[in-house]
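**Student:** Dropping the sequence and predicted coords here.
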Amino acid sequence: MSRRSSKRRWSERHRELDLSRIAGIRHSEMGPGGVLYQVQQVAVSQKSYICPGCSGTVLGVPHIVAWPEEASWGHEYGPQARRHWHSECWRRRLRPQ
């Protein structure tokens, strides 16, 4: 006779892998000008941003938020330099205007 409870969490089946849930994980990428950036995918924005790659408006679409890992004025200020990019502009590594 097994004493293991069927109510235990680990006795449940594993959920299917949902790649959209891990898309927002922050990671490092080489960005425009060969600078190392922290990059994170954002599902949709309710606020309007200007894409530094094309100077177009980023609003209501999935996009990329990126900031230099090491800002010239100090590592801790890198996140303050974050910018919202169109995914395609980031993919093509357009240089900031």
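**Tutor:** Cool, got the structure.

**Student:** Run through the helices of this structure in chain order.
**Tutor:** Ranges of helices within the chain are 19-22, 87-91, based on DSSP state H.

**Student:** give me the beta-bridge partners of V42?
**Tutor:** Note on V42: beta-bridge partners by DSSP bridges are H63.

**Student:** wait, isn't it in contact with I64?
**Tutor:** Yes: contact status for V42 versus I64: in contact at 7.1 Å, counting by CB atoms under 8 Å. (C-beta placed from N, C-alpha, C; glycine too.)

**Student:** what touches both of the two?
**Tutor:** Common neighbours of V42 and I64 (criterion: CB atoms under 8 Å, 6 or more residues apart in numbering): H84.

**Student:** higher neighbour count, the two?
**Tutor:** I64 (23 against 17; other CB atoms under 10 Å).

**Student:** hang on, isn't the more buried one packed against Q38?
**Tutor:** No: assessed by CB under 8 Å, I64 is found out of contact with Q38, at 10.7 Å.

**Student:** contacting residues around P62?
**Tutor:** With CB under 8 Å, 6+ apart, P62 has these contacts: 41-44, 87.

**Student:** Just the buried ones among the residues you listed, please.
**Tutor:** Among these, those classed as buried by 16 or more other CB atoms under 10 Å are 41-42.

**Student:** V58 pairs with what?
**Tutor:** Y49.
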